[in-house]
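Asker: task: produce atomic coordinates for the following.
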Amino acid sequence: MGRLFGTDGVRGVANTELTNELAYKIGRAAAAVLSRGGNAHPKILIGKDTRISSDMLENALAAGLCSVGANVQKLGVISTPAVAYLVSLYEADAGVMISASHNSFEFNGIKIFSSTGYKLPDAVEDEIEALILGEKEAAEPLSGAALGREIEAGDPLGDYIEHVKSTVSEDFSGMEIAFDCANGSSSVTAQRIFSSLGVKCRMIHDTPDGININDHCGSTHLESLQQYVRENGLAAGFAFDGDADRCLGVDENGNLVDGDMIMAFVGTQLKKEGTLDGNTIVGTILSNLGLIKYCEKAGLNFSATKVGDRYVLEEMLDKGYVLGGEQSGHLIFKHFATTGDGQLTAAQVLAVMKKTGKKLSELASCMQTYPQVSVNVKVTNEGKERFAGEETVQAAVKAAAEKLGQNGRIIVRPSGTEPLLRVMVEGIDRDEIAAVANGVADVIREKLT
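Answerer: Below you'll find the model as predicted:
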């Protein structure tokens, strides 16, 4: 059986793939591993998003945790970054978020944070998984006073809201901004955060009903937010995903402001203020070429990691960098958070707008966005393994790179979960890069399928 834990926890269709039984086992195993050698009654926080299955999985997970002696503090509907922040604030042994992030409502997921608020390393997830799958012997069942219980949660929403507010010092009065909550976790906090900072909030998609999370709204479907900003003459708009760890912007003209653009102008501002540690922005190999070239022009360093926010964070922690993220809007402000935080990101963008007196479109225009074309090529598992050593394919990739020169690039990488090779080509002319991408894809099909 493959790993239960993917790059962002355990995820699947609720009640068929991610079942109550599995949630119960995850609770038991996580508590056993994370509290080893510590408190007999470790404290575990549980947060959830708004999807219909979250209540069911929350109760199953809590039962598993309590069955091995853990005390459970239910936070209710809250964002993923709020759970990560509150683990440390509440001196908990771990935190668990029930969410499938930007996926549609029938999916759900379980992601776990350590006592420091960081996602678990692969080795710890492997240990938890071994207990779940019976590869390691589980602890004997507890009874009597050894069982865990549910304990009072205090005011988690209020504590998180105050945290986000504390990361900015500007008064945003006079700014009229739209917020698309994706009918998810930010529905319970976004208006409270930004109205208390002086923003005139225009809220959309903030009435969750259990099945409308991410439904043609939020950071994966910007169309309604773009139209709303344009039609109402607003200064900007921000879209979050289901668990509010991502944020994408929309400028006053309704144009997309993605994660790469945000890192470019926020990084510039942090450099000016002397708070961009290492003078470096961390992205991935799929960050837009425009961001890389902008960093060169602006005197910033750019560090590229493998695809995935966990690898971005690993690089930041290893080198002491404080700003990193992905084009998708998963941005990490290390001075304030241990993971991506959409609402915190929006606050930082508004702060830069206020400090500079510039419109969002002007800020975002600092970097040129290069067109990208991606082609997924189905290959056999054997073909996927042979990719790195297949001379004809490697020669085609090399020839494409030489043709693109300094004004483009090509990246061909195997999918981590499917029998696919992903071809991504960037350049100035979309027709040219499409031809390059499809040409390399044709060679891959000929040699590796």
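
Asker: for the most centrally placed residue in the chain, which non-adjacent residue is spatially closest?
Answerer: The centroid of the chain falls nearest to His330 when counting by Cα atoms, centre = their mean (4.2 Å). Nearest residue to His330 in three dimensions, chain neighbours excluded: Gly340, at 4.0 Å (Cβ to Cβ, 6 or more residues apart in numbering). Yep, even glycine has a C-beta here, placed from its N, CA and C like the rest.

Asker: my guess is His330 contacts Gly308. True?
Answerer: No - the pair His330 / Gly308 is not scored as a contact, 9.3 Å apart, by Cβ atoms under 8 Å.

Asker: tell me the SS of the residue nearest to His330?
Answerer: Classification of Gly340 using DSSP: H, G, I helix; E, B strand; the rest coil returns coil.

Asker: what is the burial count for it?
Answerer: Residues near Gly340, counting by other Cβ atoms under 10 Å, number 29.

Asker: cool, Val124 as well?
Answerer: By other Cβ under 10 Å, 16 other residues sit near Val124.

Asker: the one 5 residues further on too?
Answerer: Close neighbours of Glu129, defined as other Cβ under 10 Å, add up to 22.

Asker: could you do Ile151 as well?
Answerer: By the criterion of other Cβ under 10 Å, Ile151 has 12 neighbours.

Asker: same question, Ala123
Answerer: For Ala123, the neighbour count with other Cβ under 10 Å is 7.

Asker: quick one: residues in contact with the helix or strand containing it.
Answerer: Element membership of Ala123 [criterion: DSSP states H and E] is helix 122-132. Around helix 122-132, the neighbours that count as contacts under Cβ atoms under 8 Å, 6 or more residues apart in numbering are 3-5, 22, 25-26, 28-30, 32-34, 112, 114, 120, 135-136, 138.

Asker: how far does that helix sit from its chain's centre?
Answerer: Relative to the centre of its chain, helix 122-132 is centred 22 Å away, using Cα atoms, centre = their mean, to the nearest Å.

Asker: let me know the average pLDDT across the helix or strand following it.
Answerer: The C-terminal neighbour of helix 122-132 among helices and strands, as given by DSSP H and E, is strand 150-151. Taken as a whole, strand 150-151 carries a mean pLDDT of 94.

Asker: show me what counts as buried in whichever helix or strand comes after strand 150-151.
Answerer: Sequence order places helix 156-166 as the next helix or strand after strand 150-151, per DSSP H and E. The neighbour-count check on helix 156-166 (16 or more other Cβ atoms under 10 Å) flags 156-157, 159-161, 163-165 as buried.

Asker: tell me the one among these nearest to Thr284.
Answerer: Val164 (25.3 Å; Cβ to Cβ).

Asker: please list all residues in contact with the closest one.
Answerer: Listed by Cβ under 8 Å, 6+ apart, the contact set of Val164 reads 189, 193, 341, 343-344, 347.

Asker: Ser35 against Ala70, yeah?
Answerer: Yes - contact criterion Cβ under 8 Å: Ser35 and Ala70 qualify, at 6.7 Å.

Asker: which residues are common contacts for these two?
Answerer: 42, 93.

Asker: looking at the two, which is more packed in?
Answerer: Set side by side, Ser35 and Ala70 show more neighbours around Ala70, with 28 against 21, by other Cβ under 10 Å.
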